[in-house]
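Undergrad: Show me the folded form of this:
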Amino acid sequence: MTGDTLKGTRGSSDTSVPQEVLPMDKKARIYVAGHQGLVGSAILRQLQAQGYQNVITIPREVLDLLEQEAVYHLFAREEPQYVFLAAARVGGIEANRSFPAQFIRENLLIQTHVIDAAYHHGVRKLLFLGSSCIYPGLAPQPLKEEYFLNGRLEETNEAYAIAKIAGIKMCQAYNRQYGCNYISVMPTNLYGPGDNFDLNTSHVLPALIRKFHEAKIRQDKQVVVWGSGKPRREFLHVDDLASACIFLMQNYDQPEIINIGTGKDISIANLASLVKNIVGYEGKIVYDHSKPDGTPRKLLDTSKLKALGWQPQITLRQGIESTYRWFTEK
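TA: Coordinates of the predicted model:
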């Protein structure tokens, strides 16, 4: 496509004067990019539960966000006023190690197409979903927003992290140059209904749920868990994340990133024991020390979000119990 074709409702001569941002009322046209994924589906559920009447969703089979022209046609046709950019290629340590080129390429393309289309077609506000992996691997804990770009990234998910960093910087650049109101949120590790339970590509919590469930069914004597069990991780139920995202779309208008989490972490060993207990598996847990641990600890400082008035509602046990029920019933 040519540059003239892509200009839409705005031109390249726009100044940095911010547009007036109106409240996201119940009749606003809201596009959820990635509504079939873990995060997007939760945001869609929350929007519908809160009475938003004009939520735009396009299945990935119909719209490929990797295709620039298709994305621009979507924005021209649907004219969304607000955008939740939750679409992304995601995965655990093994997936990030095995497919770094796909992780960086696909995420860069998705972000670039959606953010730029939002600008050209006059979107009032966009929320970009980043990731806690954008922080340095050995940063002080808990992770404060000001640690962003203040050290080396964790190697096991570097390609994904760099793509997310580019998305954050793109939002900030569009804010500065064009007066857009694009915010970037950094969620901690997520889980919940709609998660990926594939042992080759999933994150640690859904992988543990599947491992213990299948071991219980087969009556295995032991379950092997990657790494030492010592690393500590924070986990947020995806429904709490969705609630926070809608809250921030209504209450946060700053270009600086903002963390979303629980403010509490747990060791992988204790997490494995908790999942084992919830699933009802009675065998042993064995740790494979030849597998990577990743970052020793990852806990977000959520004081900035809490000061705005938002708190998570779902405890880790409650969340794992409901996620396990979803996994066994799907």
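Undergrad: Let me see the mean pLDDT of the helix or strand Asn107 falls within.
TA: Assessed by DSSP states H and E, Asn107 sits inside helix 100-120. Across helix 100-120, pLDDT averages out at 97.
Undergrad: could you say what helices and strands that helix packs with?
TA: Under the contact definition 3 or more C-beta pairs under 8 Å, 6 or more residues apart in numbering; DSSP states H and E, helix 100-120 sits against helix 68-78, strand 82-85, strand 125-129, helix 158-178. From N, CA and C alone the C-beta is placed, and that goes for glycine too.
Undergrad: quick one, it and helix 68-78 angle?
TA: For helix 100-120 against helix 68-78, the angle by axes from the mean of the first three to the mean of the last three C-alpha atoms, to 10 degrees is 30 degrees.
Undergrad: re the thing from before, need the helices and strands packed on helix 100-120 in JSON lines with mean neighbour count, distance to His289 and mean pLDDT, can you?
TA: Shown next, in JSON lines, are the helices and strands packed on helix 100-120 (neighbours: other C-beta atoms under 10 Å; distance: least, C-beta to C-beta, whole Å; pLDDT from 0 to 100):
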{"stretch": "helix 68-78", "mean neighbour count": "17", "distance to His289": "45", "mean pLDDT": "98"}
{"stretch": "strand 82-85", "mean neighbour count": "27", "distance to His289": "38", "mean pLDDT": "98"}
{"stretch": "strand 125-129", "mean neighbour count": "24", "distance to His289": "33", "mean pLDDT": "98"}
{"stretch": "helix 158-178", "mean neighbour count": "20", "distance to His289": "23", "mean pLDDT": "97"}
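Undergrad: Quick one: these as a markdown table, columns for distance to Leu271 too.
TA: As requested, the helices and strands packed on helix 100-120 are exported to a markdown table (distance: least, C-beta to C-beta, whole Å):
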| stretch | distance to Leu271 |
| --- | --- |
| helix 68-78 | 38 |
| strand 82-85 | 28 |
| strand 125-129 | 23 |
| helix 158-178 | 22 |
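Undergrad: Out of the ones you listed, which gets nearest to Ile320?
TA: Between Ile320 and the helices and strands packed on helix 100-120, the tightest spacing by C-beta to C-beta is seen for strand 125-129, at 22.2 Å.
Undergrad: then the closest one to PDB, C-alphas only?
TA: The C-alpha trace of strand 125-129 is given here as PDB (Å, rounded to 0.1, in the frame of the first residue of the first chain):
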ATOM      1  CA  LYS A 125      -7.500   5.900  23.000                       C
ATOM      2  CA  LEU A 126      -5.500   2.700  22.700                       C
ATOM      3  CA  LEU A 127      -4.300   0.300  25.500                       C
ATOM      4  CA  PHE A 128      -1.200  -1.700  24.600                       C
ATOM      5  CA  LEU A 129      -0.600  -4.900  26.500                       C
END
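Undergrad: Spatially nearest residue to Ile43, not counting backbone neighbours?
TA: Leaving aside its sequence neighbours, Ile43 sits nearest to Ala242 (C-beta to C-beta, 6 or more residues apart in numbering; 4.5 Å).
Undergrad: Let's check: the centremost residue of this structure is which one?
TA: Leu129 (5.0 Å; C-alpha atoms, centre = their mean).
Undergrad: where does the stretch 1-150 of the chain have low pLDDT?
TA: Where the stretch 1-150 of the chain drops to pLDDT under 70, the residues are 1-22.
Undergrad: right, so of the helices and strands packed on helix 100-120, which gets closest to Tyr52?
TA: The closest of these to Tyr52 is strand 82-85. By C-beta to C-beta, the value is 9.4 Å.
Undergrad: For the stretch 151-300 of the chain, just list every one of the strands.
TA: All strands of the stretch 151-300 of the chain, identified by DSSP state E, counting those that start in this stretch, fall at 182-187, 189-191, 222-226, 232-233, 235-237, 258-260, 266-267, 284-288, 297-298.
Undergrad: Quick one: these as JSON lines, columns for mean pLDDT and mean neighbour count too.
TA: Formatted as JSON lines, the strands of the stretch 151-300 of the chain follow (pLDDT from 0 to 100; neighbours: other C-beta atoms under 10 Å):
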{"stretch": "strand 182-187", "mean pLDDT": "98", "mean neighbour count": "24"}
{"stretch": "strand 189-191", "mean pLDDT": "95", "mean neighbour count": "23"}
{"stretch": "strand 222-226", "mean pLDDT": "96", "mean neighbour count": "18"}
{"stretch": "strand 232-233", "mean pLDDT": "95", "mean neighbour count": "19"}
{"stretch": "strand 235-237", "mean pLDDT": "98", "mean neighbour count": "24"}
{"stretch": "strand 258-260", "mean pLDDT": "98", "mean neighbour count": "24"}
{"stretch": "strand 266-267", "mean pLDDT": "98", "mean neighbour count": "16"}
{"stretch": "strand 284-288", "mean pLDDT": "97", "mean neighbour count": "14"}
{"stretch": "strand 297-298", "mean pLDDT": "89", "mean neighbour count": "20"}
